[in-house]
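>>> quick one: sequence plus predicted model below, questions after.
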Amino acid sequence: QGTLTINGLQKKDHGIYECVVTNEVATLTARTTLLIEKTTPHAPGNVTVTRKETFAVTIEWLPGYSGCSHCEQTYKIRYREKDSRMPNWIELPVNPPNARKIQIHNLSAGTTYEFQVIGINDYGDGMMSQIVEARTKGVNCTEQSIMRRKLLASTECIE
């Protein structure tokens, strides 16, 4: 029998811990998950762009650990045009707050964007998800002629 003691725990110490005991007869493995309570949320995972439209994309994700057993977690999305001269991120709250999916509108056609999801609880903003990229659809010829009539705008036509 043995004891593992971890002193001075920090949020970054969360994770799966494994103890492996080996001898000439067998190998035994004991695994446990360590969650650090009363912290900001862990990064959302499996962030996926599930739909791409001309002026919108839909993003879905799985929540990370909420930061405490009683914490309610809400989310916000960060996005920006990739390789833009204006590299600032735009932040957008997710409504309803407990949603795991959002459609982002008013994007530019045929443009590549970067997206991140951030969990929020009473302790503050959590870790950011990995960045995912998506390109909106281009404007086709029919859409272009409709846009010209409505907006008198000129856009590139994609055949």
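Sure, I can see it. Numbers count the residues shown, from 1 in each chain.
>>> the longest strand seen in the chain pairs with which strands, parallel or anti?
Ranked by residue count and defined by DSSP state E, the top strand of the chain is strand 112-121. The sheet places strand 112-121 alongside strand 74-81 (antiparallel), strand 124-128 (antiparallel), strand 132-135 (antiparallel), with pairing taken from DSSP bridges.
>>> is the residue most central in space within the chain in a bridge, and if so with what?
Nearest to the mean C-alpha position of the chain, by C-alpha atoms, centre = their mean, lies residue 117 at 3.0 Å. As for beta bridges, residue 117 partners with residue 77 under DSSP bridges.
>>> so which residues of this structure form helices?
141-151 (DSSP state H).
>>> which intervals of it have sub-threshold pLDDT?
1, 141-159 (pLDDT under 70).
>>> I figured residue 72 hits residue 121, correct?
Yes: using C-beta atoms under 8 Å, residue 72 is in contact with residue 121, at 6.7 Å. (Glycine included, C-beta is placed from N, CA and C.)
>>> more neighbours: which of those two?
Taking neighbours as other C-beta atoms under 10 Å, residue 72 and residue 121 compare with residue 121 leading, 19 against 11.
>>> which residues sit against stretch 86-105?
50-51, 55-63, 72-80, 115-116 (C-beta atoms under 8 Å, 6 or more residues apart in numbering).
>>> start and end of that stretch, how far apart?
19 Å (C-alpha to C-alpha, to the nearest Å).
>>> could you give me the buried positions within that stretch?
94, 102, 104 (16 or more other C-beta atoms under 10 Å).
>>> coming back round to it: out of the strands paired with strand 112-121, which is closest to residue 16?
Nearest to residue 16 among the strands paired with strand 112-121 is strand 124-128 (16.9 Å), distances taken as C-beta to C-beta.
>>> spit out the residues that contact residue 72 and residue 121 alike.
Shared contacts of residue 72 and residue 121, counting by C-beta under 8 Å, 6+ apart, come down to residue 66.
>>> now the buried members of the contacts of stretch 86-105.
57, 59-61, 63, 73-80, 115-116.
>>> pretty sure residue 4 is touching residue 17, no?
Yes: applying C-beta under 8 Å as the test, residue 4 and residue 17 come out as touching, 7.4 Å apart.
>>> much appreciated, bye for now.
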